[in-house]
Each structure stands twice: as C-alpha cells, then as structure tokens.
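Participant: build me a model from this:
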Amino acid sequence: MKKSFQSIFYLLIAAASLHAATTITGTVTNGTSNKAAAGAEVILLKLEGGMSEEARTKADAQGRYKITAENGGAPHVLRVMHQNVSYNQPLPPGTENKDVIVYDAAKKVEGISANVDAMWIKAEPGTGQAQVAEMFVVKNSSMPPRTQMSEKSFEFTLPPGAIVEFSDAMSPGGIPIKTAAVPQGRDHYAFIFPLRPGETTFQIGYHLPYSGELKLEPTANYAVDHVAVGIPKSMQFAATTSGSAFQLMREENGVEMYVATSVRPGQALGFKVSGTGAFPRERQDAQADPNSAEGRAANNLPGGGLGRPEETPDALHKYRWWLIGGLLLILIGGAAWTVTRTAPLPAMAAAAPASRSALLLDALKEELFQLESERLQGKLSAEEYEKAKSALDSTLQRAIRRQS
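Facilitator: Residues are numbered from 1 along each chain as shown. Just a heads-up that it's a prediction; the model follows:
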C-alpha cells in the first residue's frame, strides 16, 4: 500500500511539472554586424491546437531576453522579429535557454544563387494530365550575411497552361511552410518569402494538359549548379535543344534522372517527355490495403516513415517521398558527375561489378536519406545537420574516387 501511495505521489508530481511555468532566457545576436540585436521583438508561440501567441517581450541593450511559458511541458516556437523578418526556433518541452541569430534585411543582396532546380514528371493513363512537382534550392552566401526580402524575393517561370496545386517554402534548418506562389504576369511567379543566409527550399506542384507528349522549355533565371528531370522509367525523355546539356545521370528503382550541370542564366534547356507512368512507390501505396498497417503507413507517413511536419499542406505529402528521394539522387549523382564528367557516357554506363566501394555508396545513400528525414522531422539542429552532412559529403567523394 505504501508503494502505491508513493507511485501516485510521484505521478502527481510529474503531472504538475508538465504544466509548470518555465522561464526561457537567451541572447539575440545580429549576425550581420556581430553585435547584440537590441530591441528585437521576441514572441513565444504555443503549439497546442494550432499556433497561438502566449507571450511577448523585447531584447535589452545587450540582446538578452526573458520570457515565460505558462505550460513548460508543451512544445513552443520562439519567434524573433528583426527588420520585418521572422526567425523561428523550436522549443522542445523543458527548454530553458535559446540563443537566436538574426540578420539585417534588404530587397536585393549579392551572393544569391541556385543549387538545384529539379522537377519530377508523371503522366498516369486516362487522366489527360501530366503532374509536375518542381523544387528550387536557393543559396544565400552573402558576405556579410544578410537576408533578402521583398515582394519578389524569388522569381521563377512555369510552363504555359500550368495549374498550380500546391506550393511551400522551407528556411535553412526549418520545416515546409505553406506559401503562395504569386502570379507576376504571363507564366511568371514569385515567392514573397525571406531568403535567409544558407539554403532555402521552394517546392511547387502543378499539372498540365497531356495527350501523350509534353514539350517543355525551361530557362534558368539564375546560375544553377544542377538542373534535373526525373521521370518513371516507363516514360521517355528526349532533348529538343541543340547541344543539350542533359545526361542520364541515375537510373534507380524505376526512376530515371536526367541532369544538366553548371547551367548559365538564360541557357535554353528544351526537352520533351512522352508515354505514361507513375513512380514506383506511388503504385505500391495505391495497391496497399488502406486497413492494413502498410496501407495506414502509406496514407499517413509518406516516404515510409517521415512524420507530418507542422503547417505542411496536405497536397504536398503525396509527393514527399520522391521530392526527398530525388534530391538525394541529385546529391549523389552530382558528386559522381563532378568526378566522372570527363569520361565518355558509354564508359560511365559500363559500371564495374559490385565492390566494397559500391556497397559503401549504397550505405552512404541510405545514411543521407535518414539525415534528410531527421532534419524534416526536426530531430536535428541546423548545426548538427551541417556537421553530419559535411562528414558524409567528404566520405562520399572518397568512395566515388575509389570506385572510378
């Protein structure tokens, strides 16, 4: 009986601690000037039944702040406003200290480039449509670091006749947030979203009329490291521009990736796709019994286990697995292209038999996938992600050199 009373007592203490107020302190630093961000607005957002403001304060002359979460056992987000740009930091339950770095903002900053412009195209029989998901990874390497923010922070074009289905944006180390693609004129769009120092990812899904063949003529608005097109293997890809830079870079799990590297602004990259097909994982999900464990996983956890990030539009989740998978193919294919681009294409196609290096590449690919998955789920801080990614990239380069 005595043990029972002790257990109940400890449970009551634990329950009370979940609802106890927690005081959160920290320092806000201006990463542009490396000085204290005096007067920055600090807002505490509670993540219970949505997102609502719980408390607000300002950083003092030394950039220090103190704010109280009435329920310290609940997840929160700390939002710091500086020059009309927000900088958000997740606060897991029990967090008592959080430092935040903000940056000065300008409508135009030097050092903006695009790392990746990738699109995935499918055309299922009988739909009369081609569905496209396109992803832009934009890098802000301004020095000193500043945030680019305007009504046209990032501009891009879509094919004529495109009907937008969803769009979102993700800050460096953040999670996807539903963000509108604002029409700017004929087939021209812009995101009103800050380009903070680091990499910002934009994703947009749209569909086009399709009668068995689709011709596209994308033109890069920025210098782009990699322009990629992914299609189901049952569909066909053909360049329509003379001297096309596209090469078949990767063929895996029923998906073909065509990649052009070091693309110049304004460079023509015309191509056409034909035939019909869906991506293999989507076919598996469609065939899964919705009442089975596999079916529920397919419906609720795209990518075979990725959690549903907060504020992510539902439409995006049916594309999640191939957006992430395609990005990883580009990361790996891009590294391979850097090392082997001087080799003729037939030699590249004649791959050596499986070896320890090949096995290592497979393991690294899986590790990269897990790393990206954990970042999307918020399990890694930006610093942890960058350290792990840097180490994997270095190992990947060595493995590719050994295999080649």
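
Participant: okay, CA-based contacts and neighbour counts for the rest of this
Facilitator: Will do.

Participant: now E384: which helix or strand?
Facilitator: When elements are assigned from DSSP states H and E, E384 belongs to helix 382-403.

Participant: for that helix, give the mean pLDDT please.
Facilitator: The average pLDDT within helix 382-403 is 64.

Participant: do stretch 221-231 as well
Facilitator: Mean pLDDT, stretch 221-231: 87.

Participant: before we move on, what about stretch 61-73?
Facilitator: Here the average pLDDT along stretch 61-73 is 91.

Participant: with stretch 112-121 instead?
Facilitator: Averaging pLDDT along stretch 112-121 yields 90.

Participant: swap in stretch 84-95?
Facilitator: 89.

Participant: quick one: end-to-end length of it, please.
Facilitator: Using C-alpha to C-alpha, to the nearest Å, the end-to-end distance of stretch 84-95 comes out at 26 Å.

Participant: where do the helices of the stretch 201-350 of the chain begin and end?
Facilitator: Ranges of helices in the stretch 201-350 of the chain, per DSSP state H, counting those that start in this stretch, are 280-287, 293-300, 302-305, 314-317, 320-340, 345-349.

Participant: no no, the stretch 1-150 of the chain
Facilitator: For the stretch 1-150 of the chain, the helices defined by DSSP H, counting those that start in this stretch cover 2-18.

Participant: how many neighbours does the closest residue in space to S153 that isn't next to it in sequence have?
Facilitator: What sits nearest to S153 in space, not counting adjacent residues and going by C-alpha to C-alpha, 6 or more residues apart in numbering, is I192, at 5.6 Å. I192: 18 surrounding residues under other C-alpha atoms under 10 Å.

Participant: now swap in A61 and tell me
Facilitator: For A61, the neighbour count with other C-alpha under 10 Å is 12.

Participant: name the nearest residue to it, sequence neighbours excluded.
Facilitator: Nearest non-adjacent residue to A61 (C-alpha to C-alpha, 6+ apart): A38, at 4.7 Å.

Participant: show me the residues around that neighbour that make contact.
Facilitator: Residues in contact with A38, defined by C-alpha atoms under 8 Å, 6 or more residues apart in numbering, are V28, K58, A59, D60, A61, Q62, G63.

Participant: again, but for K98
Facilitator: By C-alpha under 8 Å, 6+ apart, the contact list for K98 reads I24, T25, G26, T27, L91.

Participant: before we move on, what about I24?
Facilitator: By C-alpha under 8 Å, 6+ apart, the contact list for I24 reads K66, I67, T68, A69, T95, E96, N97, K98.

Participant: try it again at 10 Å.
Facilitator: By C-alpha atoms under 10 Å, 6 or more residues apart in numbering, the contact list for I24 reads 44, 65-69, 72, 78, 91, 94-98.

Participant: could those go into JSON lines alongside distance to G270?
Facilitator: Output for those, formatted as JSON lines (distance: C-alpha to C-alpha, whole Å):
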{"residue": "L44", "distance to G270": "48"}
{"residue": "Y65", "distance to G270": "53"}
{"residue": "K66", "distance to G270": "55"}
{"residue": "I67", "distance to G270": "54"}
{"residue": "T68", "distance to G270": "56"}
{"residue": "A69", "distance to G270": "54"}
{"residue": "G72", "distance to G270": "55"}
{"residue": "L78", "distance to G270": "45"}
{"residue": "L91", "distance to G270": "46"}
{"residue": "G94", "distance to G270": "53"}
{"residue": "T95", "distance to G270": "51"}
{"residue": "E96", "distance to G270": "54"}
{"residue": "N97", "distance to G270": "52"}
{"residue": "K98", "distance to G270": "48"}
